[in-house]
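Undergrad: Sharing a sequence plus its predicted fold:
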Amino acid sequence: MIQSFDSMNKKLVASGRRRVAVAAAHDEDVLLSINEAATLGIVDPILIGHRKKIIEAGDRCEVQADKYEIIEEPDDIEACNLAVRLIRQGRADAIMKGLVGTAYVLKAILNRETGIRDGELLSHIGLFFIPKINHPVIVTDPGMCIAPDVTEKKHIIENAVKVAHLLGIDEPQVACVCALEKVNPAMQATVDAEELVRMNREGKLTGCRVGGPFALDNALFTDAARRKGIADPVAGHADILLMPNIEAGNVLYKALAFVCDAPGAGLVLGASAPVILTSRSDLKEAKLNSISLALYLAAEQERRKVKW
């Protein structure tokens, strides 16, 4: 099991560089993070966009952008389409959003004829190494699905479980996080949790063990679960935190990153390759970690010969 982003990067260096297609690459923060990843020896960037703007952005942040492959495409929307095309052609292993609206990247991914949608649903994860917890924790969904119903939550779990497996967690423990630990018909998240547990027990949601509803403390810490008298085997051992909605997911994601200083990364799942959609507010380290995570998952998929 991967225990840190440093160990992830060491494995990536040993396995060889992979390619990230950066759409509309004239973004200083993106150039800084992709350059750092290249310096570590884990990536060969493909910078797509207006060549002059890319080089000027690199000059402003002291990155020599023209030492990397640059594909001229002055139209930002077409740059997104081209990044997706490189994935389809096997010329890139992951996509990263540059200075372009997220909607344009998603539209290119979801295009029925030329896109790379590969699953039932696009969803977002945050992967964190939390100081008090001795294993990686996946938070989902902090950035894509606004108010998922129980069917969408099933697909969100399935996407996260694929990541957990590639990280070396054979049977990830999935905690359905709510405001309390009992099913309350007035609180839909608890009703959904009960249904997801049932799906898991009936073999309709596989590759993991699902428990809940849990409050956050008894999902992560055995002492908290014990004090509440919760006997569920997932309690205190969660590898994946399924959040009830995007507000809860986003708050937890940012609390871990900014308040707790937990090293983290974020990815969009459900395409045929990892998609790096970092926020402008994300820390520089988080952008680098997101590149590392995307490439590590791509490398593990290739090594294990499994479908992403």
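TA: Okay, I see it. Bear in mind that the values here come from a model prediction, so they are computed numbers and not experimental data. Numbering: from 1, shown residues only.
Undergrad: Okay, the nearest residue to Pro74 once chain neighbours are set aside and Ala25: tell me how far apart.
TA: Distance criterion C-beta to C-beta, 6 or more residues apart in numbering; nearest residue to Pro74, sequence neighbours excluded, is His50 at 4.4 Å. Yep, even glycine has a C-beta here, placed from its N, CA and C like the rest. Using C-beta to C-beta, to the nearest Å, we find His50 at a distance of 9 Å from Ala25.
Undergrad: Distance-wise, check the residue nearest to Pro74 relative to Ala21.
TA: 15 Å.
Undergrad: Show me which of the two is the more surrounded one.
TA: Taking neighbours as other C-beta atoms under 10 Å, His50 and Ala21 compare with Ala21 leading, 27 against 20.
Undergrad: Skipping its backbone neighbours, what lies nearest Leu166 in space?
TA: Glu300 (4.2 Å).
Undergrad: got the contact list for the host helix or strand of the one you found?
TA: Glu300 is part of helix 284-304 when elements are defined by DSSP states H and E. Contact with helix 284-304 is made by 2, 5, 8-9, 11-12, 15, 18, 20, 29-30, 32-34, 36-37, 42-43, 93-94, 96, 127, 163, 166-167, 257, 263-267, 273-276, 278, 282, 307-308, as judged by C-beta atoms under 8 Å, 6 or more residues apart in numbering.
Undergrad: Show me how far that helix is from its chain's centre.
TA: Chain-centre distance of helix 284-304: 9 Å, with C-alpha atoms, centre = their mean, to the nearest Å.
Undergrad: how about that helix: buried residues?
TA: The neighbour-count check on helix 284-304 (16 or more other C-beta atoms under 10 Å) flags 285-301 as buried.
Undergrad: again with stretch 75-87
TA: In stretch 75-87, counting by 16+ other C-beta under 10 Å, buried: 76-87.
Undergrad: how about Leu277, what does it touch?
TA: 97, 102, 105, 124, 143, 266-268.
Undergrad: Using neighbour counts, give me the buried entries of those.
TA: Looks like these have 97, 105, 124, 143, 266-268 buried, using 16+ other C-beta under 10 Å.
Undergrad: which two of those residues lie the greatest distance from each other?
TA: Greatest spacing in the buried ones among the contacts of Leu277, by C-beta to C-beta: Val105 and Gly266 (13.8 Å).
Undergrad: hey, where'd the helices end up in this protein?
TA: 5-15, 28-40, 51-60, 76-88, 102-110, 150-166, 188-201, 216-220, 222-227, 246-254, 284-304 (DSSP state H).
Undergrad: could you give me the average pLDDT of the second one?
TA: Model confidence over helix 28-40 averages 96 on the pLDDT scale.
Undergrad: Same question for the first one.
TA: For helix 5-15, the mean pLDDT works out to 95.
Undergrad: what comes up buried for that helix?
TA: Neighbour-count burial for helix 5-15 flags 5, 8-9, 11-12 (criterion: 16+ other C-beta under 10 Å).
Undergrad: now the angle between helix 28-40 and that helix, please.
TA: Comparing the axes of helix 5-15 and helix 28-40 via axes from the mean of the first three to the mean of the last three C-alpha atoms, to 10 degrees yields an angle of 60 degrees.
Undergrad: what does helix 5-15 contact?
TA: With C-beta under 8 Å, 6+ apart, helix 5-15 has contacts from 2, 18, 40-42, 129, 263, 265, 288-289, 292-293, 295-296, 299, 303.
Undergrad: chain center to that helix, what's the gap?
TA: 18 Å.
Undergrad: Only C-alpha atoms, please: export that helix in PDB.
TA: The C-alpha coordinates for helix 5-15 follow below in PDB (Å, rounded to 0.1, in the frame of the first residue of the first chain):
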ATOM      1  CA  PHE A   5       3.400  10.900  -2.200                       C
ATOM      2  CA  ASP A   6       7.200  10.600  -1.900                       C
ATOM      3  CA  SER A   7       6.900   6.800  -2.100                       C
ATOM      4  CA  MET A   8       4.600   7.200  -5.100                       C
ATOM      5  CA  ASN A   9       7.100   9.400  -6.900                       C
ATOM      6  CA  LYS A  10       9.900   7.000  -6.200                       C
ATOM      7  CA  LYS A  11       7.900   4.200  -7.900                       C
ATOM      8  CA  LEU A  12       7.100   6.500 -10.800                       C
ATOM      9  CA  VAL A  13      10.800   7.400 -11.300                       C
ATOM     10  CA  ALA A  14      11.600   3.600 -11.400                       C
ATOM     11  CA  SER A  15       8.800   2.900 -13.900                       C
END
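Undergrad: Nothing else from me, thank you.
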